[in-house]
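Participant: this one's sequence-less:
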DNA sequence: TACATGATTGTTGGT
DNA sequence: ACCAACAATCATGTA
């Protein structure tokens, strides 16, 4: 008789230590670039802000936060401060069970797939652009802009793959 | 007038 | 494998 839950296999390790629990190491954000230029919109500087660079996909937490923000603001229209929603959201998020977060993770996972796709296109562009030396390159070259080939195809919202027992409620 | 900030967690990319 | 930065939000603050 093997383990009834052979699925888990040797994953008995308890989350164990978290390398860094407090990311308060330091608030590194914008490298402080108070350029007197005021608007960093179009600076011929080397501030390459790739407009094509896809932003990172929102994690399950952010997906949940998006909806949570609405609820939070709906019940706290007086609250003003992103930190308020962040704290409340973070607390609530931890209060949710894996099953509750499942739908959010599912969506986040989907976003990630799209992100990878966009990244691919972006990467391609970078490769082309990387070839700054387009002096006498008679090659066809730059053939980008083929992204969004299939912008909207699957809009299905059915994530009902309940074949396996996914009763993963937090039961510490 | 306009941008940076603050606070949350998760994910991604780089070394 | 680990570290560091960034993803949304939006009123407030500073220059």
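Facilitator: Great, that's in hand. Since the model is a prediction, treat every value here as computed from it, not as a measurement.
Participant: With adjacent residues omitted, what lies nearest to the closest residue to DNA strand B within chain A?
Facilitator: Closest approach between chain A and DNA strand B, counting by CB to the nearest atom of the strand: residue A:90, at 2.4 Å. Heads up, the C-betas are built off the backbone N, CA and C, glycines and all. Spatial nearest neighbour of residue A:90, chain neighbours left out: residue A:61 (7.7 Å); criterion: CB to CB, 6 or more residues apart in numbering.
Participant: what's the burial count for residue A:54?
Facilitator: 16 (other CB atoms under 10 Å).
Participant: SS state for it?
Facilitator: For residue A:54, the assignment made with DSSP: H, G, I helix; E, B strand; the rest coil gives coil.
Participant: Name the spans of chain A whose pLDDT lies under the cut-off.
Facilitator: Per-residue confidence for chain A (pLDDT under 70) gives these ranges: A:1-51, A:126-172.
Participant: Okay, and residue A:79 sits in which element?
Facilitator: Secondary-structure assignment from DSSP states H and E places residue A:79 in no helical or strand segment.
Participant: Kindly report the same for residue A:88.
Facilitator: helix A:82-95.
Participant: contact partners of that helix?
Facilitator: A:61, A:64-65, A:68-69, A:72-73, A:76, A:79, A:101 (CB atoms under 8 Å, 6 or more residues apart in numbering).
Participant: on that earlier part again, how about the residue nearest to residue A:90, what does it touch?
Facilitator: With CB under 8 Å, 6+ apart, residue A:61 has these contacts: A:89-90, A:93, A:104.
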